[in-house]
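# Here is a sequence with its predicted model. Questions after.
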Amino acid sequence: MKLAILDRDGVINRDSGNYIRSADQWIPIAGSIEAIARLSAAGYTVVVATNQSGLARGFFDLDDLEAMHAKLTELVEDAGGQISAIFYCPHGPDDQCKCRKPLPGLLDAIEAEFNVGAQDAILVGDSLRDLQAGLAKGCQLCLVLTGNGEQTLNQLNGQATGSYTLDDNPVEVFSDLSAVVDKLLS
């Protein structure tokens with residue numbers, strides 16, 4: 001199984017410092033929906049793994065989150081693709097749960113659901129915590145410069161060669177999700 005694990009906010013849809021609180025505020029980044037559809041059509045199992053502390057903070061409720069995810073799923077299906085599952089952490093940063101990235105709990109749940117190891121899976125994120133969760137499971141790390149990606153790039157160990165690492169592990173850097181998929185499918 002070829003597994004691709006995608007963060008949501010800042011990778012698939014526009015992010016906001018005030019949290020995405022409704023399906024109306026959930027706006028895809030240009031090319032991201034088509035990129036997911038292409039990845040799915042190429043035989044990848046596409047899974048979303050996202051921290052959603054806005055639930056714990058009371059900024060939106062479960063119905064709002066489900067409406068956002070229904071919109072995402074419908075858009076991808078309309079483009080000819082499929083999202084196999086969406087995993088989310090509903091906890092706040094001080095709840096000390098095991099599913100909030102940078103901890104690998106969401107990836108553990110993905111492994112259990114699909115009966116597959118996440119090592120060598122593609123993990124696409126825009127924040128350091130996304131990459132750290134993927135690193136803990138041995139994923140191939142891809143950073144997109146959308147969302148918080150530019151800030152995250154500054155946190156990585158970049159060499160003069162333009163290659164980047166996180167704890168001595170390579171991180172490939174891409175302009176956006178569409179560029180990641182272009183590389184994977186080339």
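Yep, that arrived.

# helix/strand/coil for V173?
On the three-state scheme (DSSP: H, G, I helix; E, B strand; the rest coil), V173 is labelled strand.

# per-residue confidence for the closest residue to it other than its chain neighbours?
Distance criterion CB to CB, 6 or more residues apart in numbering; nearest residue to V173, sequence neighbours excluded, is L143 at 5.0 Å. Just so you know, the C-beta spots here come from the backbone N, C-alpha and C atoms, and that holds for glycine as well. Among the per-residue scores, L143 shows a pLDDT of 97.

# What values do phi and psi take at L143?
In this entry, L143 is assigned phi and psi values of phi -100, psi 130 (degrees, to the nearest 10).

# does it really touch Q151, like I thought?
No - using CB atoms under 8 Å, L143 makes no contact with Q151, being 10.7 Å away.

# quick one, which of these two is more surrounded?
When L143 and Q151 are compared for neighbours, L143 comes out ahead with 28 against 12, by other CB atoms under 10 Å.

# Bridging across strands, which residues link to that one?
According to DSSP bridges, the residues that bridge with L143 are G125, V173.
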